[in-house]
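Asker: Pasting the sequence and the predicted coordinates here, then a few questions.
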Amino acid sequence: MAGGRNDEDDEGALDRRARHAGSSAGGYGSGGGYADYREVVGPGLEEPDPERVFPREVFGESHRGRGPRGYRRSDARILEDLAERLTDDPHIDATTIELHIRDGEVTLEGTVPSRVHKRYVEDMAEDTGGVSHVQNNLRLDPRARTTTGGGRTTGGGAGGGGPVIL
């Protein structure tokens, strides 16, 4: 019994914190269901156990991606998000790609070195929040072909300054 506490006391304290969570001190009234996860899992824990704080049998399936009624993500936010994703992706040289967004519909224009890249960019656009449709007008650039191994491009001029490919 180090420090005057034992396992029974710790479990009892956890039960008391869970019962206290609905009080007026931090909940939505007596018997309410709201609890700050720190009150349930105890001090010192950074991440809550989702099953303990938000049990699946209470909340059911995930509703991620379902926003408030009438909400539509702005075209400017879609453009910003997709442009950042293309810029940060190590497999795509986005300098030859143009993005046009209107009413949540994305039009991709420009050139890419292969069909794989074309589909990859299209999938990335479709997976961007707020996009309702993607029109893929990307064309293959026959000068930007990939070689086996090394991930270098061939063709496209004497400088060899083409995009680096997968």
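Answerer: Yep, it's here.
Asker: which residues of this structure score low on pLDDT?
Answerer: Under the criterion pLDDT under 70, the flagged ranges of the chain are 1-56, 144-166.
Asker: In contact with D103, which residues?
Answerer: Shown in contact with D103 (CB atoms under 8 Å, 6 or more residues apart in numbering): D75, S132. Where you see a C-beta, it was placed from the backbone N, CA and C, and this is true even at glycine.
Asker: Next, give phi and psi for it.
Answerer: Main-chain dihedrals, D103, degrees, to the nearest 10: phi 50, psi 40.
Asker: So for stretch 69-85, what gets flagged as buried?
Answerer: Residues of stretch 69-85 classed as buried: D75, I78, L82, R85 (neighbour count, 16 or more other CB atoms under 10 Å).
Asker: Specify the local secondary structure of the third one.
Answerer: The three-state label given to L82 by DSSP: H, G, I helix; E, B strand; the rest coil is helix.
Asker: Please work out which residues outside stretch 120-128 touch it.
Answerer: Contacts for stretch 120-128 (CB under 8 Å, 6+ apart): 78, 81-82, 85-86, 89, 91-92, 97, 106, 108, 112, 131, 134, 136, 138.
Asker: Compute the number of surrounding residues for I97.
Answerer: Applying the criterion other CB atoms under 10 Å, we find 19 residues in the vicinity of I97.
Asker: What about the residue nearest to it when sequence neighbours are not counted, how many residues nearby?
Answerer: Among residues not flanking I97 along the chain, G110 sits closest, at 4.2 Å (CB to CB, 6 or more residues apart in numbering). G110 has 15 neighbouring residues, counting by other CB under 10 Å.
Asker: which residues touch G110?
Answerer: G110 makes contact with T96, I97, E98, L138, R139, according to CB under 8 Å, 6+ apart.
Asker: For it, give me phi and psi.
Answerer: Here is the backbone geometry of G110 (degrees, to the nearest 10): phi 120, psi -160.
Asker: how far away is it from S74?
Answerer: 23 Å (CB to CB, to the nearest Å).
Asker: Let's verify R85: helix, strand, or coil?
Answerer: Going by three-state DSSP: R85 is helix.
Asker: For V58, the count of nearby residues, please.
Answerer: By other CB under 10 Å, the residues close to V58 number 7.
Asker: V134 too?
Answerer: Counted with other CB under 10 Å, residues neighbouring V134 total 18.
Asker: pretty sure it is in a helix, no?
Answerer: No - counting by three-state DSSP, V134 is not part of a helix but strand.
Asker: Kind regards, and thank you for your time.
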